[in-house]
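Chemist: 3D model of this:
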Amino acid sequence: MSTLAEFLSDQENLVKEAALALPHEFSRCTHSLGPIRQAVYLCLTCAVPRGLCSACSIACHTNHDQIELFPKRNFRCDCPTTAIPHPCTLHTRAEEENVSNMYGPNFRGVFCRCGRPYDPKTEVETMIQCLSCEDWFHESCCNLRERPPLIPVDHCPSEQVPPMEEDATSEASSLDLPPPLISSSDYESFVCGSCVLRIPTLKRWAGTLGVMMVVRNDPCSPWSCLGDSVRNDRDDISVDSTESLIVGTKRSRSVDADHPDPKRARLAGPQCLAPPSNLLAEAIFGGSGLTVDPDTRLGTGDVFLTCGFQERWCHCPSCLPSLKENMYLLEEEETYEPPEDPDSGLSFEALGMRALEKLPRDRAIEGIHAFNEMRDNLVKYLRPFAQEGKVVGEADVKQFFDSLKETEKAHR
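Modeler: As a prediction, the model looks like this:
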């Protein structure tokens, strides 16, 4: 049994928790904003696998089963389109299908290179998102840890379900498992091997300082990490001209008069500052290195980019083009968030008063009279409990409101 003070305190805590969980206003579909990077939700109840914006996932598909896919770039909400038979309550005009949206395996409920469906009731592992293709990968499929067994369906309390971690921030939080080989504090972003293979500059830097890989020397060796530290300076890089370079320093003149430095030919253009390719990484990407049997290959080709990676690339004519084709490697992307909800965190009483202010005067007065009448009746009903020291139970409260309904029916 709880006292009235404890009940009110619990209600206040629930309001605060709700404000933290849903601080935004979900009253506007994002379809009119066009293709943008935004959080996308897959509705499992609707027959057609399409994506919903945050507002439509709450306002239009409230009672539907959904999977949060997290941010997807260049995506337009499908809710008000003819592709989904369920009507959109926020954007009521029917729109044509979004032909520019990309619907990868995630929209079939399939994730990772293993093609395993995501079931939050049985999944044990934390999953990490590729910065490039925005697919999700199990830590074990990236060789960060051994694959744990799935949770039996009859032993899966919801509070223990490990989350998908946005923007590749994998935590070592999978249930009762040892820490992964590379933890979330060690890197900023993750790019899967398939995406690395199609980005020449990223492939060139793979396995070097700050572009970590999980590899092994042979199928019998344990997995280890390449490029697991970042130098804070590049003093070892020596160039004669820095006018067109982003990184590098000018070599100082020799102080030894008897042995002056020999003259070096000036470069016609910017010098490439990419580090020497890692031989093991070259072996993994070369030939059929990524397609061989997982039990025998030396790595998946995934890279883990450490903090500040966007400022460390070489900007020479050889390296820069493939980076510019994938601008998220050069600068932080903007991700749409719904506007803040001005009512977030308000108590039920404050919300009720705000609703009254929006009503016409005569209806507002009627509402206030009805509320005062109910309050007086409730005080009258509860007075005997207080006088006799009795505890008000759920059945007593239900009886009071049932009597109100009967009185209302009698007056009709």
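Chemist: got the CA coordinates for stretch 106-125 in CSV?
Modeler: Only the C-alpha atoms of stretch 106-125 are listed here, as CSV (Å, rounded to 0.1, in the frame of the first residue of the first chain):
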residue,chain,number,x,y,z
ASN,A,106,17.4,-3.3,-42.6
PHE,A,107,14.0,-2.6,-44.1
ARG,A,108,13.4,-6.4,-44.2
GLY,A,109,14.4,-6.6,-40.6
VAL,A,110,17.7,-8.2,-41.5
PHE,A,111,21.0,-6.8,-40.2
CYS,A,112,24.8,-7.3,-40.4
ARG,A,113,26.9,-9.3,-42.8
CYS,A,114,25.5,-12.5,-41.2
GLY,A,115,22.0,-11.6,-42.4
ARG,A,116,20.5,-12.3,-39.0
PRO,A,117,17.1,-10.8,-38.2
TYR,A,118,17.1,-8.5,-35.2
ASP,A,119,14.9,-9.8,-32.3
PRO,A,120,15.1,-7.6,-29.2
LYS,A,121,13.7,-10.4,-27.1
THR,A,122,16.6,-12.8,-27.8
GLU,A,123,19.5,-10.6,-29.0
VAL,A,124,22.4,-10.5,-26.6
GLU,A,125,25.0,-8.5,-28.4
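Chemist: Any buried residues in it, and which?
Modeler: Going by neighbour count (16 or more other CB atoms under 10 Å), the buried part of stretch 106-125 is 106-107, 111-113, 116, 118, 123-125. No exception for glycine: its C-beta is placed from N, CA and C like everyone else's.
Chemist: what does stretch 389-404 give?
Modeler: residue 392.
Chemist: ok, now stretch 91-109?
Modeler: Counting neighbours by 16+ other CB under 10 Å, one finds that the buried residues in stretch 91-109 are 91, 95, 98, 101, 103, 106-107.
Chemist: now stretch 330-339
Modeler: residue 338.
Chemist: now residue 63: how far from residue 44?
Modeler: 12 Å (CB to CB, to the nearest Å).
Chemist: Between these two, which is the more surrounded one?
Modeler: residue 44 (13 against 5; other CB atoms under 10 Å).
Chemist: residue contacts, the more buried one?
Modeler: 64-67, 109 (CB atoms under 8 Å, 6 or more residues apart in numbering).
Chemist: Restricted to strands, list those residues.
Modeler: 66-67 (DSSP state E).
Chemist: Name the residues that touch the helix or strand where residue 70 lies?
Modeler: Taking DSSP states H and E as the criterion, residue 70 maps to strand 66-75. By CB under 8 Å, 6+ apart, the surrounding residues in contact with strand 66-75 are 35-45, 51-52, 57, 100-102, 106-107, 109, 118, 120, 129, 134, 164, 166-167, 328, 333, 335.
Chemist: Parallel or antiparallel, which strands does that strand pair with?
Modeler: strand 36-43 (antiparallel) (DSSP bridges).
Chemist: Packing partners of the next helix or strand after the partner strand?
Modeler: Counting by DSSP H and E, the next helix or strand C-terminal to strand 36-43 is strand 51-52. Other elements packing on strand 51-52 under the criterion 3 or more CB pairs under 8 Å, 6 or more residues apart in numbering; DSSP states H and E are strand 36-43, strand 66-75.
Chemist: Quick check, pLDDT for the nearest residue to residue 106 once chain neighbours are set aside.
Modeler: Computed as CB to CB, 6 or more residues apart in numbering, the closest residue to residue 106 that is not its neighbour in sequence is residue 69, at 5.3 Å. Per-residue pLDDT puts residue 69 at 94.
Chemist: could you measure residue 69 against residue 94, distance?
Modeler: Per CB to CB, residue 69 is found 24 Å from residue 94.
Chemist: Could you do residue 278 as well?
Modeler: In terms of CB to CB, residue 278 sits 53 Å off from residue 94.
Chemist: ok, now residue 57?
Modeler: Applying CB to CB to residue 57 and residue 94 gives a distance of 19 Å.
Chemist: can you check residue 50 too?
Modeler: 14 Å.
Chemist: residues touching residue 323, list them.
Modeler: Neighbours of residue 323 in contact, by CB under 8 Å, 6+ apart: 199, 201, 313, 329-330.
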